[in-house]
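Peer 1: got a predicted structure plus its sequence, pasted below:
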Amino acid sequence: MSEVFPEQRVEASPGSLGAYTTLRLGGPAGALTVATEPGEAVTTVRNAAAAGEPVLILAGGSNVVIGDAGFAGRVVLLRTCGIREIARDATFVTLRVAAGEVWDDFVARTVAEGLSGVECLSGIPGSAGATPIQNVGAYGQEVGHTIVAVHAYDREADAMVTMTAAECGFGYRASVFKYSDRWLVLEVDFRLARSTESEPIRYAELARQLGVEAGDRVPLERARETVLKLRAGKGMVLDPDDRDTWSVGSFFTNPVVGELPEPDMPHWPAAGGRVKIPAAWLIEHAGFSKGFGVSEGVRISSKHTLALTNRGSGTTTELLELARVIRAGVRDRFGIELHPEPVLVGCQV
């Protein structure tokens, strides 16, 4: 499966940044530069800083919500590419991946080459350079488990830097890069196991679908195919003909709390003796079913409660209003505050 970059789509309004996001929402850019080389991206960002011009970096546009007014500064479309091997031993291979590489193309390549570590992250839209920002994760894997270095331009120091995994500060859907415009990610180093078998299956739903026990391993291709099937069933694999995929994926993160508001709530352990509760369960049990909406243009996906979708005529204003209604409903019912997962540009929930 290969992602179609958003500029190849025709559904968004002409001149709209929605043409470069999976939501197909967002107003115009003040100026736009397409960067196909790392140096070009760095020069553009450096010159914009010197001119006092705000900068927004976009690649796959799969985890960003842009306001209807757009972005008044310069938008840099990161379209760099390249994957090369930089280290190999009897057990591991380290690959350096350009930030603009389509993430799922990279995952497909690792599976084909018998490299284990990101196979359960199949089907996730977006670019490789965005994955450390969000510490992208799914079905028991996170990129923070395999990233050994991130190469970036430090806009504050006006210098190229290489950051170790520890320096990236990876957490649950978080890193030092998120909510900060200090760094421009240019390349990412992934250390992957030389194995045709998956990592131990950690996620219960995936284990059930595979018909194995938690902790078992399966062939890489089988893990990938099963994850793609699960994601497609939830509208989480991009399809221009399926409005349920016109989203940013999961809109809210799963809340982590000290104790359960109700003893029978589904949950799993989190760091520091806390527990994580599935946001989808909270939304459903607060009375918001699949397909719910406060307008015709934006609704909860018909396949997955955690995805807020543009039905084709939506606006960012409508999307955020729906998010607020859902968040307030969960707060009133359970006393838990939901937090948005995507980066919000020129707007807020």
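Peer 2: Okay, I see it.

Peer 1: give me the distance from stretch 182-201 to the chain's centre.
Peer 2: Relative to the centre of its chain, stretch 182-201 is centred 15 Å away, using CA atoms, centre = their mean, to the nearest Å.

Peer 1: buried sites along it?
Peer 2: Residues of stretch 182-201 classed as buried: 183-192, 195, 197-199, 201 (neighbour count, 16 or more other CB atoms under 10 Å). (C-beta placed from N, C-alpha, C; glycine too.)

Peer 1: so of the residues you listed, which ones are in helices?
Peer 2: Here DSSP state H is the test, and the buried residues of stretch 182-201 give no hits in helices at all.

Peer 1: could you point out which of those is nearest to residue 237?
Peer 2: residue 198 (19.0 Å; CB to CB).

Peer 1: that closest one: what's it in contact with?
Peer 2: For residue 198, the residues meeting the contact criterion (CB atoms under 8 Å, 6 or more residues apart in numbering) are 116, 119-120, 217-220, 222-223.

Peer 1: next: residue 63.
Peer 2: Going by CB under 8 Å, 6+ apart, residue 63 touches 126, 130, 133-134, 248-249, 341-343.

Peer 1: what pLDDT does it get?
Peer 2: Model confidence at residue 63, expressed as pLDDT, equals 92.

Peer 1: residues near the nearest residue to it once chain neighbours are set aside, how many?
Peer 2: Setting aside the residues directly before and after it, residue 63 is nearest to residue 342 in space (CB to CB, 6 or more residues apart in numbering), at 4.8 Å. Under the neighbour criterion other CB atoms under 10 Å, residue 342 is assigned a count of 24.

Peer 1: got a list of what residue 342 touches?
Peer 2: With CB under 8 Å, 6+ apart as the criterion, the residues that contact residue 342 are 63-65, 248, 251.

Peer 1: residue 132: which element?
Peer 2: The secondary structure element spanning residue 132 is helix 131-134 (assigned by DSSP states H and E).

Peer 1: what about residue 208, neighbour count?
Peer 2: With other CB under 10 Å as criterion, residue 208 counts 12.

Peer 1: that's a strand at it, yeah?
Peer 2: No. For residue 208, which was evaluated using DSSP: H, G, I helix; E, B strand; the rest coil, the result is helix, with no strand membership.

Peer 1: local confidence estimate at it?
Peer 2: Residue 208 carries a pLDDT value of 97.

Peer 1: picking that back up, other SSEs contacting the helix holding residue 132?
Peer 2: Contacts of helix 131-134 with other secondary structure elements, assessed using 3 or more CB pairs under 8 Å, 6 or more residues apart in numbering; DSSP states H and E, are made with strand 147-154, strand 183-194.

Peer 1: residue 234 versus residue 283, what's the distance?
Peer 2: Using CB to CB, to the nearest Å, residue 283 is found at 14 Å from residue 234.

Peer 1: neighbour count: these two, which is higher?
Peer 2: Between residue 283 and residue 234, counting by other CB under 10 Å, residue 283 is the more crowded of the two (24 against 19).

Peer 1: contact partners of the helix or strand bottoming out on mean pLDDT in the chain?
Peer 2: Taking mean pLDDT, DSSP states H and E as the measure, the chain has strand 268-269 as its least confident helix or strand, at a mean of 90. Contact with strand 268-269 is made by 275-276, as judged by CB under 8 Å, 6+ apart.
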